[in-house]
Every structure is written in structure tokens, then in C-alpha cells.
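Chemist: Pasting the sequence and the predicted coordinates here, then a few questions.
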Amino acid sequence: MWMLPGQNQSWVSEFILLGLSSDTTSNRFLFIFFFLLYLSSVLGSGLIIILICLDSRLHTPMYFFLCILSLLDMGYVTTIVPQMLVHLLAASKTISFAGCWLQMYVFGALGLTEAIFFVVMAYDRYVAICYPLHYTVILTWDLCMRLAAGTWTCGFLFSLIHTFLTMRLPYCGPNIINHYFCEGPSVQSLACMDTHLIEMVDLVISVFVVLTPISLIVASYICIALAILKIKSTQGRCKAFSTCASHLTVVTFFYAPAIYIYVIPKSSYSPECGKQVSLFYNVFTALLNPVVYSLRNKDIKVAFLKVMGHGRVA
């Protein structure tokens, strides 16, 4: 870490996470609630991955992207929730400087990857609705692999920049983080130097991975809407829209809290409100995604029944 010239400072070697509540009884109920929530989200995402891998009818670009989305959900919720569960019951709520660095980086990498990956999924729906006869010609497996690899590379690269700049700040005073995990804005607020430059870098990254993807997604769905309006039959319109409804739902619930946390000015950021919003962004969205895609998707239901030994059930 950096040393401030002319000062004899004691440097932070660990942080204390305040968590969600200081009440022991409340923490026990929260532990049970979030443990069940975490278990459900991991099992739900894991089940979707298994079904897609086992059922050859689901070996299409759309379900390949859904498999990656489920993997990302499992990853970033596992980066946050297990430690939060331990801190809900443990007397000590500390995390080492290195542990904080690692948690911030992995969570940021997976979250940023997912933010960019939603554009890829929107492009998939755009091709499927606007160019249905050329779907497999346009979205080849080579292109799908390149798109997936590109999103992962961007996510891990931008997270490395954000985490490196944040953890290179001098932390020589308070070490209490008003959060349940090492979230960027909360950690930066503890630095004993001006963080204006870091905030500007974060804003640029946020614009690239939040506002730009949203703009591309909106543009793709405008084209999709225009294509759907050209369909003459009402049944055909409903079927076309239903293929996009799940994606629109998860995109809305992902980006809305992300914009509040990472895009709005830091002067308007409330730590307590930020914790509540990030809970939805981090935990509930990971549970929502498999629920939305499984309940609204006939192919997933059929694959599940087939795996359970009811292959003849429609």
C-alpha cells in the first residue's frame, strides 16, 4: 500500500463488516432466510445448467447463453452470501485486506460480465425474431463462443482496474465497512485521501458496462417490437413476445438497482439504502433468474420431466 509522505500512519490490515443487523435474534432469522434463499438460487441455477447439458434439444445458442447466465448467477451469489451467513452467526465480523480484495474482484468480475452478457442475450433474441430463417446461419457456435469469451474478458478486465485502484488507496484510519460485503463505494469511503479520480474512473466503467448495454438492449428491442408488429396473427405476436419476456424481466431487475449503486452521484448514495438495494441486486436476482426462465419456458419444463423419468409428458 501507499505511504503518505511525512506521516507515521498505522495501516489497515483487516476490515470489519457491519452486516445487516446488530441484533443477535434478528441475525438468526436472517441466517435461516438467506440460507434457504441461497440454497434455492444455487439449486435452481444448477438445475438449469444440468438440464441444458443433458437434453440435446436444448443445445442451441439461446440455451447456451442461458447456461452461462446461470453459471454467472451461481458464481457471484456464492462470492457474497456464504461469508454473509457466517458473519450473521459469528461474533467476529472481520475480513482480511487480501480477502476483501479478492471478494471485490471476483464479485465485480462476475457482475460486470453478466451486465455485458445481457446484451449478447438481447442480440440472440433480435436475430431469432427479426431473422428467424437465418438464425443458425448468423449465430454460429463459433460466434457464440467468441461472444461469451469476449464478455468474460471485458468483465474480468474492468473489475481488475476497479479493484486495483480501490485497494491501492491508503487506508490508515477507520476500518468499519457499513455493508455486508466489500462493495466498492463503501470501501472507498474509508480511504484517507481524495477519491475523486477513482470515482471518475468508476463512472467511466459504469457508463461502459451499464448505460451502454442498456442502450443497446433498448435499441434491439425496438427492432424486435417493430418486427412483432408486422406479424399478422395475434397468436404469432404473443408467441414472439413470450420468447423475449423472460429476458426483459431479468434485465429490468438486474439493471435498476445497479444504476442506483454504481451510476448515480456518490453524494446521493445512502449506505443503508445501498445495502438494501444490493441485497436485491446480489441475492434476489440470482433466485429470480432460474424461476423466471423455468416457469415461462416450456422446453425447460419438458427437459425436467424427461430427466425425472416422465419423458412422454408434454
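Modeler: Here it is on my side, so go on. Numbers count the residues shown, from 1 in each chain.
Chemist: Please verify my assumption that Ile49 contacts Ser70.
Modeler: Yes. Counting by Cβ atoms under 8 Å, Ile49 touches Ser70, with 5.1 Å between them. Bear in mind the C-beta positions are built from the backbone N, C-alpha and C, glycine included.
Chemist: what about the helices in the stretch 151-300 of the chain?
Modeler: Taking DSSP state H, counting those that start in this stretch as the test, the helices found in the stretch 151-300 of the chain are 184-188, 196-206, 212-229, 234-262, 271-279, 285-295, 298-307.
Chemist: Ile16 falls within a strand, correct?
Modeler: Yes. Counting by DSSP: H, G, I helix; E, B strand; the rest coil, one finds Ile16 located in a strand.
Chemist: who are the neighbours in contact with it?
Modeler: For Ile16, the contact set (Cβ atoms under 8 Å, 6 or more residues apart in numbering) comprises 93-95, 175-177.
Chemist: Between Ile49 and Ser70, point out the one with more neighbours.
Modeler: Ser70 (25 against 19; other Cβ atoms under 10 Å).
Chemist: any idea how far Val307 is from the more buried one?
Modeler: As defined by Cβ to Cβ, to the nearest Å, Ser70 lies at a distance of 16 Å from Val307.
Chemist: same question, Arg146
Modeler: Arg146 is 30 Å from Val307, by Cβ to Cβ.
Chemist: Those two - which one has more neighbours?
Modeler: Neighbours were counted for Arg146 and for Val307 using other Cβ under 10 Å; Val307 has more, 14 against 11.
Chemist: Let me see the contact set for the more buried one.
Modeler: Residues in contact with Val307, defined by Cβ under 8 Å, 6+ apart, are 50-51, 54-55.
Chemist: Gly309: what secondary structure?
Modeler: Per three-state DSSP, Gly309 ends up coil.
Chemist: and it, how many neighbours?
Modeler: By the criterion of other Cβ under 10 Å, Gly309 has 8 neighbours.
Chemist: same question, Arg168
Modeler: By the criterion of other Cβ under 10 Å, Arg168 has 11 neighbours.
Chemist: and what of Ile231?
Modeler: Neighbours around Ile231, by other Cβ under 10 Å: 15.
Chemist: what does Val137 give?
Modeler: The local packing of Val137 (other Cβ under 10 Å) involves 9 other residues.
Chemist: if I've got this straight, it is in a helix?
Modeler: Yes. Counting by three-state DSSP, Val137 falls inside a helix.
Chemist: before we move on, back to that, can you tell me which of the contacts of Val307 are buried?
Modeler: 51, 55 (16 or more other Cβ atoms under 10 Å).
Chemist: So which of the contacts of Val307 are in helices?
Modeler: 50-51, 54 (DSSP state H).
Chemist: would you turn those into JSON lines with distance to Arg237 and pLDDT?
Modeler: Formatted as JSON lines, the ones in helices among the contacts of Val307 follow (distance: Cβ to Cβ, whole Å; pLDDT from 0 to 100):
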{"residue": "Ile50", "distance to Arg237": "33", "pLDDT": "91"}
{"residue": "Leu51", "distance to Arg237": "28", "pLDDT": "89"}
{"residue": "Leu54", "distance to Arg237": "33", "pLDDT": "88"}
